[in-house]
Structure formats: C-alpha cells, structure tokens
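Asks: Compute the structure for the input listed below.
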Amino acid sequence: MHINGVEIEDTFAEGFKMWGARLIITALNAEWAHTAAQVTTGFATSVIGCGCEAGIEGHLAPDQTPDGRPGVSVLFFVSSSKAMEKLLLLRVGQGIMTCPTTACYNGLESDVRCKVGGGLRYFGDGFQASKLLDGRRLWRIPVMEGEFVIDESFGMAKGVGGGNFLVLGDSVVHLVGHGYAVDVTVKDGNGDVAFSGQAAQYDLAASKIVQPLVTALKLETGRPVHVSIAPGNHDCVLVPQFGGFLTHYRPARLDEARQVVHPPSKDLSFNRHLVRNDGLLADRLARRETIAFDDAGARIAGEVRGWREKMEREGRLEIGRVGTFFTDAEGNLQFEPDRRVNFLRDAFGLRPVSAIPVPRAATVAPAEPAEGLSLIHISEPTRPY
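Replies: Take a look at the predicted model:
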C-alpha cells in the first residue's frame, strides 16, 4: 500500500484516533523560537500521564511565517476536541507567552476551532488589544519585554496518533554500547542533519547510516542536505587560513551562587594563530561528499572567504552550534563559544541539575551530668536471633 508516495507495510503499528493542532511559534531569532518550542512540547510523550502527545514538526524560514520572523512549527495531539482548548491554554500560556520576543499563530486551517488567544488575553489585565488582519483576529497582550501576539483561535482536526520507529541491531551492545554506537539527529526541516559518532566507527556509520539517510532526505524534500561533523570527535580541528578550534575537558562542577551542578563537558576555544593546513578537515569533507581532496580544500577556502567578508561587512560572524566571532575595540578577532553545546560525547543527554542546600538540624552537645550525680549505662539485651 502506498499513500502520498509513502509505503505502508502490512505489519503491526499501534495507532489511536486523536485530535491534532498545529502551532507556529516565531521569535526575534531562531534560538528563542526553538527554546519556546522545546519548552511547550516537553513532557508530552503520551496522553497517558502527560495529557497530550506533542513534538516539533520543523523549523521555518522567515518567509514561511505570518510575521516574517524565524519560526518553529509544533504539533499537539489529544484524545478529544474538548481537551484541546484546555491543553493549549496551559501550554501556550506557560511555555510560549513566557519566552521573550515570541508570538504564536494558528498553523492548521479547519472549521473546528478552539479559543486560545481569546482566553489568554485576560493576562493583559485590561491593557490587551485586538486587531483584525486579513480576516483573522489577533490579540496583543502586554508582557515584560513588549507584547505577545497570538491568534484568537486555533484550528484542529481528526487524526491518528501512534507509530513506531525501530532501530535494529545484533545486540544491545551494538546499539547503545561501544560497538557501532552512533547518534543521528535531524536538526531541522531545511535539510540539515547533525551526526556525531565514535571516531573508530565513523566511516562505517557514515556509509551505512548517514549517507542513506541523506540520500532519502534529498529525494523526499528535493532540497540539499548537509552533514555537520561534531568537533567533539577531535580535540583540535584546524580551519586553513582561519584558525583552530580546540576542546578542553572540564569536570563536573558546583555553581554555589546559582545552586546548580553542571555535568562534565568539553569547552570550545579558538586560536587564530593555528592556520596551517593539516588536511584533516579537507580529507573528511572529501570522503563525505565523494569529491577530490583538492576540491574539498577549495570548498573550505571559499567558505573561509565568505566568513571573512561577512566579518568585514558586519563585524560579527555566527556559526551554529559553534559560537560567535567579533572584533574588539582594537580590531582583534575574538571568539565567544556557544555554551549551550557540550562536545563531550560521554555526557550526551546530561543537563545541569538543581543543588538546593538541605537544611540540617543543629547538633546538640550531650548534657553533662549534674554535680553529685553519675550516669548509668544500660545496655540492650542480647537477642538470640
């Protein structure tokens, strides 16, 4: 069976009749939009216990959103239409409206609607305002850094929830242990794929897992797909005629001021004096793209030229999941790493945790016997068992 070009195998897959809604979250930049999407879709693995099933559908370019800003589309599924309005009021109000610079729009046209912005408007305490734009009513709700814009109502439709994604291997060790372990993450809907694997197994994983995935995504989306090699696989990555990125191990630490325990990590630094070409980056690119080594070097050189031109124009260069370059008052190149990224593979999935001090009762010194009195020690009887 094929539906919309997708093959449906005649095997078991659990599914349920559900109601779905699609939301578009926008913000001043892609990072804030993604943060709001992550927060509002958290704790949503199952309608049992979580009240809904939710996840990020994809990242949207400015020309794909209602207000022309970077955005993220998210999906919510619940068991009944009545539950959707209550759910979205909670999720949007606590997960999106509280995130700086965000806005939230309906992403699913349907005659069946639930009032969301019309309910959240009361957070404006009388200072909220509505506006009718191209037939859709929007609410502008004042918040700390400005205003939160949201559609008055959101569409919802019947759908099917469930399904299985299986990763198979010869053994558990091969799947999650030290054998052919590999982390593959589809970063966003524009075709970027982030891949991080163990160095000894990189070539095998790249040919057996990543390359087929890239090929399938190219055929399905019709868009170019790029693979990003995680710097955590090497302690030093040299970019010819630009500089070297170095990682440094940092053990777990306690931030007493913020009462947070941070996991072990690999911090990223940059040395602009390491400009020699060791061939590692070009060799990796050549093997990944199946091109000549010289062509890979030329492609890297072109990318570096683009970086330098942007620095000259804007005085600033941002590289996703790496960090930001800028020039200081004296014209020197400076680097600020993206501290949200942990390049230590062994710490994958570990996040900072709260370390709230536990109040302890004051130790009371034993009382001294009064003058003229003595203490008699009575031992516990020995038990025969």
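Asks: Mind checking the pLDDT average for the lengthiest helix in the chain?
Replies: Using DSSP state H, we find that the single longest helix of the chain is helix 293-314. Averaging pLDDT along helix 293-314 yields 90.
Asks: from now on call the first residue 30
Replies: Noted, 30 is the first residue going forward, which turns the last one into helix 322-343.
Asks: in it, what counts as buried?
Replies: For helix 322-343, the neighbour count (16 or more other C-beta atoms under 10 Å) marks Ala325, Gly326, Ile329, Ala330, Val333 as buried. Placement of C-beta: from N, CA and C, glycine included.
Asks: Using the three-state scheme, assign the closest residue to Met126 other than its chain neighbours.
Replies: Nearest non-adjacent residue to Met126, counting by C-beta to C-beta, 6 or more residues apart in numbering: Phe177, 4.9 Å away. In three-state terms, and counting by DSSP: H, G, I helix; E, B strand; the rest coil, Phe177 is strand.
Asks: how many neighbours does Phe177 have?
Replies: 28 (other C-beta atoms under 10 Å).
Asks: Ok, Ser108 next?
Replies: Ser108 has 17 neighbours, counted by other C-beta under 10 Å.
Asks: and what of the one 10 residues further on?
Replies: The number of residues packed near Leu118 is 17, by other C-beta under 10 Å.
Asks: returning to that earlier point: run through the residues that contact the residue nearest to Met126.
Replies: Ile125, Met126, Thr131, Ala132, Cys133, Arg169, Ile170, Pro171 (C-beta atoms under 8 Å, 6 or more residues apart in numbering).
Asks: got the CA coordinates for stretch 362-382 in CSV?
Replies: Presented in CSV, the C-alpha positions along stretch 362-382 are these (Å, rounded to 0.1, in the frame of the first residue of the first chain):
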residue,chain,number,x,y,z
LEU,A,362,39.4,38.8,16.4
GLN,A,363,37.5,37.5,19.4
PHE,A,364,35.5,34.3,19.9
GLU,A,365,32.6,33.5,22.2
PRO,A,366,31.7,29.8,22.2
ASP,A,367,28.1,28.6,22.2
ARG,A,368,28.0,27.4,25.8
ARG,A,369,24.7,25.5,25.3
VAL,A,370,26.6,22.9,23.4
ASN,A,371,28.5,20.2,25.2
PHE,A,372,31.1,18.5,23.0
LEU,A,373,31.8,15.7,25.5
ARG,A,374,30.2,12.6,23.9
ASP,A,375,30.1,10.7,27.2
ALA,A,376,28.0,13.4,28.7
PHE,A,377,25.4,13.3,26.0
GLY,A,378,21.9,14.0,27.4
LEU,A,379,23.2,15.2,30.8
ARG,A,380,21.9,18.6,31.8
PRO,A,381,22.5,20.9,34.8
VAL,A,382,20.5,19.9,37.8
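Asks: Perfect, I'm done here.
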